[in-house]
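Asks: The amino acid sequence is not available; the structure is as follows:
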């Protein structure tokens, strides 16, 4: 199960980084685009609405992406807090069909496995059977 935990850690980091990139794209499109269109059209309310919407969406994406990155690094170091955080993230990923669902199921399968629990409780690797 040690390999599965490492793979899961890498997946969490990759998906977290993809979320950060997505947050940057949303920020640029809505906040900067709204600012430029508001100035260009001489209607500041466009900038306010687009900027507010962009900041809310960016914040939500950051709020969901950063814990994935932290959990990924923690899982790769077999930290017990990362296992709990990973389970929470896995449950929250389940509604995101199809990729989120697959990652959520894989997360729960790996992190709720008895060998994985022993691995995290002992703080060191378990030799394969």
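Replies: Received it, and whenever you're ready, just let me know what you need. Owing to the predicted nature of the structure, the values given are computational and were not obtained by experimental measurement.
Asks: wait, isn't residue 121 in contact with residue 80?
Replies: Yes: counting by C-beta atoms under 8 Å, residue 80 is a contact partner of residue 121 at 7.2 Å. The C-beta positions use only the backbone N, C-alpha and C, and glycine is treated the same way.
Asks: quick one: what helix or strand has the residue nearest to residue 66 when sequence neighbours are not counted in it?
Replies: In space, and not counting its chain neighbours, residue 66 is closest to residue 16: 6.8 Å by C-beta to C-beta, 6 or more residues apart in numbering. Assigned by DSSP states H and E, residue 16 falls within helix 2-26.
Asks: Does anything pack onto that helix? Which helices or strands?
Replies: helix 44-76, helix 80-93, helix 99-111, helix 114-122 (3 or more C-beta pairs under 8 Å, 6 or more residues apart in numbering; DSSP states H and E).
Asks: quick one: the last one to chain centroid distance?
Replies: Using C-alpha atoms, centre = their mean, to the nearest Å, the distance from the centre of helix 114-122 to the centre of the chain it belongs to is 23 Å.
Asks: which parts of that helix are buried?
Replies: For helix 114-122, burial by neighbour count (16 or more other C-beta atoms under 10 Å) applies to 116, 119-120.
Asks: any idea how far the closest residue to residue 112 other than its chain neighbours lies from residue 3?
Replies: Among residues not flanking residue 112 along the chain, residue 87 sits closest, at 7.0 Å (C-beta to C-beta, 6+ apart). Residue 87 is 19 Å from residue 3, where distance means C-beta to C-beta, to the nearest Å.
Asks: Residue 71 against residue 12, yeah?
Replies: Yes: using C-beta under 8 Å, residue 71 is in contact with residue 12, at 5.2 Å.
Asks: what touches both of these two?
Replies: 86, 89 (C-beta atoms under 8 Å, 6 or more residues apart in numbering).
Asks: Look at residue 87 and residue 3 and report which has more neighbours.
Replies: Applying other C-beta atoms under 10 Å to residue 87 and residue 3 shows that residue 87 carries more neighbours, namely 17 against 9.
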